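Peer 1: have a look; sequence and predicted model below, questions after that.
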Amino acid sequence: MEYDPASESAPDISGRGRSRGFSALRYKFENLFKSRDLYLGLFGIIAFVGTWHLLTGVLTLPRFEKLPNPVAVLTEFTSRHPVFGTSIYAPQYYLHILWSVWRIIEAFFLATLLGVPIGLFMGWKKVFKDYTFPILEMLRPIPVLAWVPLAILMWPGREAPIIFLAFLASFFATILNTLLGVESIDESYFRAARCLGSRPRHIFFRVVIPGALPFIFTGLQIGMGVAWFSLVAAEMLSGEYGLGYLVWDSYVLIQYPVIIIAMVTMGVTGFLFSLLIRMVGNALMRWTVREAT
Amino acid sequence: MTDKSSTKKFAGTNSAAPSGDGRIEISNVTKIYDPGGVNVCAVSDCSFDIEAGEFCVVVGPSGCGKTTLLNAIAGFHSISDGEIRLDGDVLCSATKMAEPGADRMVVFQNGALFPWCTVLKNVMYGPSVQGRMTSHQARAAALDILRELGLSEIGDAYPNEISSGMRRRVEIARALINDPKALLLDEPFRALDALTKGVAQEFLLQAYDRMKKTVFFITHDLEEALFLGTKVVIMTTRPCRVRKMITVDLPRPRTYKVRSSKRYLELKREVFDAVHEEALKAFKAGERELA
């Protein structure tokens, strides 16, 4: 009997693609309520808030007496006529969020637009890396806050220094991760590409970029995190709007519940941005998305 | 839907692809590595020819320099002395390093399908970057070769969604679509389990019987060498040199049943005798290095 590869049945993977992605999501969602993880997580949050309330509202221990208790925070947050002017009904609150978000978007896009190409090029051309890597490694460890005076001297107005500081932190993280991403690509992919007749530009666009994508997106996530960090610090120093400004202003004006509201808002907004980056990453890197089983 | 002229023949063969006889002459090749000032002679004065369309299997103890030879032909490494010719043209010599090109396709030990491309895109890669086909033609040719090799069902899958045996087949298809003069395989089935390996070997034989390309196949599996090869070149332990050449006169097309034929067993004995001695030498050399 002669072997005939055509007669051999190929694995059934007909349910691939968009529909599988969707069904996997539904599967995950349906199982969320069956699994213990959700309830354990909820229990953790409740325990945390409960302890907080116990410390600040019930026992009022000396260390915690000045902290706002969760009931006060929630009351303020959901009030139509907030005592300190910050609640879900106050336009001011959204203005602060919008300012911060807008600054983050500017800083983050600038960092990505500059950082990713520089990182890719450093990984691709050794000469370029030899020139730039020492400078990068010298500047990168400098804490962003040390840049504050220079940022103010260098850039005019109030907005530019803030954006510059947020940009700077994100920029270094993005470059470094992109560079690592290119260097992580297995040599055999380059060899295979050359063997198949690639020109340098093919190698750049068809091997270097897709090969580095997983690391690039890790870098973007880290970059987004540090951009938030620097932004809040910069807004505390100078600013008229923004969540960082809100935290500091509330402290100065003794509006303590607002501090907590602003902090939680930062957490949620940061998380949403991170989620967005992850979703874009998954959409661009279909090959790394595994089936949920 | 597709261009008829390109779907009719076997994928890619009707284009202006590099095509020729594919005779490889390896003459007096020496390769000396120089890691940290210590000269290591990986290949020493090694000569043998591979006829056009011949399935040549090179066996030898691990670390003996087989891969060095393959990398020199592929254009990944230079050689220190000697010459390698392809169809009479000097491919590489002491002063010249070969450029990797689509006339010598390599199938790598650990596989090098681009994980970010679907199977179809992987197979289309060669023709489309070489600019010898429009993407439409490349797609048609790729679909064609996948169908020919029984892989058409998995065109839209990503490499990590298919089995390792399937990945090897796709990689062979990706090489063959370029209509190379020679196919260079560096222990391509090493990581496969015994059963998958058998199927993958039969797949390669099937492809070889259709295409009749020159094949340079490296392995240290003697059974694999006999089952696949027309000529088996047995290398000595480092420095790598030809110890013995055996012509495998088993009829083609071969199936797994060949493995139990009388002639196969005779050849097997001959090869094992030759290799066993080398393996012992390599083993003792290893002991000396450690002592």
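Peer 2: Everything's here; your move.

Peer 1: in the stretch 151-291 of chain B, what residue is nearest chain A?
Peer 2: Using C-beta to the nearest C-beta, B:E153 is the residue of the stretch 151-291 of chain B that sits closest to chain A, at 3.2 Å. To be clear about C-beta, it is placed using only N, CA and C from the backbone, and glycine gets the same treatment.

Peer 1: tally of neighbours for that residue?
Peer 2: Other residues within reach of B:E153, judged by other C-beta atoms under 10 Å in any protein chain shown, total 19.

Peer 1: likewise for A:G157?
Peer 2: Count around A:G157 with other C-beta under 10 Å applied: 9.

Peer 1: quick one: pLDDT of it?
Peer 2: What the model reports as pLDDT for A:G157 is 86.

Peer 1: specify the local secondary structure of it.
Peer 2: coil (DSSP: H, G, I helix; E, B strand; the rest coil).

Peer 1: also B:L192?
Peer 2: Applying three-state DSSP: B:L192 is coil.

Peer 1: hang on, it packs against B:F203?
Peer 2: No: B:L192 is not in contact with B:F203 according to C-beta atoms under 8 Å; the separation is 11.2 Å.

Peer 1: give me the more crowded residue out of these two.
Peer 2: Per other C-beta under 10 Å, whichever of B:L192 and B:F203 has more neighbours is B:F203, with 23 against 18.

Peer 1: is chain A within reach of whichever strand or helix holds that one?
Peer 2: Using DSSP states H and E, B:F203 maps to helix B:194-211. Yes: Helix B:194-211 lies within reach of chain A by C-beta under 8 Å from any C-beta of the partner chain, at B:E202, B:F203, B:L205, B:Q206.

Peer 1: can you say which two of those are spatially most distant?
Peer 2: B:F203 and B:L205 (7.3 Å; C-beta to C-beta).

Peer 1: how about B:E270, nearest residue that isn't a chain neighbour?
Peer 2: Counting by C-beta to C-beta, 6 or more residues apart in numbering or on different chains, the nearest residue to B:E270 once its immediate chain neighbours are dropped is B:I246, at 6.2 Å.

Peer 1: tell me what that neighbour is bridged to.
Peer 2: Per DSSP bridges, the residues bridged to B:I246 are B:V232.

Peer 1: what's near enough to touch it?
Peer 2: B:K231, B:V232, B:I234, B:L267, B:E270, B:V271, B:A274 (C-beta atoms under 8 Å, 6 or more residues apart in numbering or on different chains).

Peer 1: which sections of chain B are below the confidence cut-off?
Peer 2: B:1-20, B:35-37, B:63, B:286-291 (pLDDT under 70).

Peer 1: name the residues of the longest helix seen in it that are buried.
Peer 2: Counting by DSSP state H, the longest helix found in chain B is helix B:262-290. Neighbour counts using 16 or more other C-beta atoms under 10 Å in any protein chain shown place B:Y264, B:L267, B:K268, B:V271, B:A274, B:V275, B:E278, B:A279, B:A282 of helix B:262-290 among the buried residues.

Peer 1: can you tell me how far the residue of the stretch 151-291 of chain B closest to chain A sits from B:H136?
Peer 2: According to C-beta to C-beta, to the nearest Å, B:E153 and B:H136 sit 22 Å apart.

Peer 1: please apply the same query to B:P180.
Peer 2: 23 Å.

Peer 1: what about the spatially closest residue to B:V40 that is not a sequence neighbour, neighbour count?
Peer 2: In space, B:V40 comes closest to B:Y33 once its chain neighbours are excluded; the distance is 4.5 Å by C-beta to C-beta, 6+ apart. By the criterion of other C-beta under 10 Å, B:Y33 has 14 neighbours.

Peer 1: B:Y33 and B:A42 touch, don't they?
Peer 2: Yes: applying C-beta under 8 Å, one finds B:Y33 in contact with B:A42, separated by 5.7 Å.

Peer 1: pick out the residue closest to the middle of chain B.
Peer 2: Centrality entry for chain B: nearest residue to the mean C-alpha point is B:L185, 2.1 Å, by C-alpha atoms, centre = their mean.

Peer 1: quick check: that one is in a helix.
Peer 2: No: assessed with three-state DSSP, B:L185 is strand; it does not lie in a helix.

Peer 1: check what pLDDT A:G223 gets.
Peer 2: Confidence for A:G223, expressed as pLDDT, is 93.

Peer 1: what do B:L192 and B:F203 both touch?
Peer 2: B:R168.

Peer 1: how about the residues of the stretch 51-200 of chain B near chain A?
Peer 2: Going by C-beta under 8 Å from any C-beta, the residues of the stretch 51-200 of chain B near chain A are B:74-76, B:100-102, B:104-106, B:108, B:110, B:112, B:114-117, B:125-126, B:129-130, B:147-154, B:156-163, B:166, B:169, B:174, B:178.

Peer 1: how does it look with 6 Å?
Peer 2: Counting by C-beta under 6 Å from any C-beta of the partner chain, the stretch 51-200 of chain B comes close to chain A at B:76, B:100, B:102, B:106, B:108, B:112, B:115-116, B:125-126, B:129-130, B:149-150, B:153-154, B:157-158.

Peer 1: low-confidence stretches in the stretch 151-293 of chain A?
Peer 2: By pLDDT under 70, the low-scoring segments of the stretch 151-293 of chain A are A:289-293.

Peer 1: swap in 50 and give it another go.
Peer 2: Scanning the stretch 151-293 of chain A for pLDDT under 50 picks out A:291-293.

Peer 1: interface residues of it facing chain B?
Peer 2: Close to chain B, as judged by C-beta under 6 Å from any C-beta, the stretch 151-293 of chain A has residues A:S188, A:Y189, A:R191, A:A192, A:R194, A:C195, A:L196, A:G197, A:S198, A:H202, A:P210, A:W287.
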